[in-house]
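> give me the fold of what follows.
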Amino acid sequence: MEKTAQDTPLEPGLAQELQGIGERLHEHIKAIVECLPSQARSAKMLTARFKIEGVVARRLVRAIAGPPGLVTLTRLPSPDHVRAFTNLAEFDGVHKEACESTRTALDELAATASVVGGGRARLTKRIRATLRARGEDEE
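Numbers count the residues shown, from 1 in each chain. I've put the predicted structure just below:
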């Protein structure tokens with residue numbers, strides 16, 4: 001079977017840059033969620049508290065439950081959904097600094113993703129190809 005551009009692992013420098021962005025997003029989003037009372041940290045409770053879609057909340061929780069880095073980037077909901085979550089959390093008085101840092105990391109992700117081209121779906125496929133090439137499990 002012929003490889004497509006989407007099946008090609010990321011260049012090492014680009015993978016390293018995205019690894020750092022994924023680590024920062026993991027750290028900051030986790031800090032936001034951990035500011036909440038422990039009973040309010042589930043996807044169901046995030047949905048209720050911030051009035052976000054259940055799938056968005058589940059992807060946020062799954063992303064911070066996994067390892068930080070490239071895997072985080074494959075598990076997160078869209079950057080627009082993450083940004084909306086941070087805006088709602090900040091409005092609710094939850095960890096302003098982590099909300100701002102998350103948005104900064106999202107801006108870095110957008111700039112780096114533009115180098116790859118083809119949008120988020122293509123970037124995710126290239127990240128997954130990189131993880132497979134490294135023998136790392138996304139799950």
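> going forward, measure contacts and count neighbours with C-alpha atoms only.
Noted.
> where do the helices sit along this protein?
Applying DSSP state H to the chain gives helices spanning 12-34, 43-50, 54-65, 70-75, 79-91, 96-116, 119-134.
> need the nearest residue in space to residue 129, chain neighbours excluded.
residue 9 (4.9 Å; Cα to Cα, 6 or more residues apart in numbering).
> correction: residue 62
residue 75 (6.7 Å).
> wait, doesn't that neighbour sit right on residue 57?
No - if you go by Cα atoms under 8 Å, residue 75 and residue 57 don't touch, sitting 11.3 Å apart.
> which of these two has more residues huddled nearby?
A count of neighbours by other Cα atoms under 10 Å puts residue 57 above the other of residue 75 and residue 57, at 26 against 20.
> mind checking how far that one is from residue 16?
Per Cα to Cα, to the nearest Å, residue 57 is found 27 Å from residue 16.
> ditto for residue 116
Going from residue 116 to residue 16 by Cα to Cα gives 14 Å.
> same question for residue 127.
11 Å.
> compare the two (neighbour count), which wins?
residue 127 (25 against 14).
> hmm, the more buried one is touching residue 12, no?
No - between residue 127 and residue 12 there is no contact under Cα under 8 Å: 11.2 Å.
> contacts for stretch 122-130, please.
6-10, 15, 70, 73-74, 113, 116-117, 138 (Cα atoms under 8 Å, 6 or more residues apart in numbering).
> thanks a lot, catch you later.
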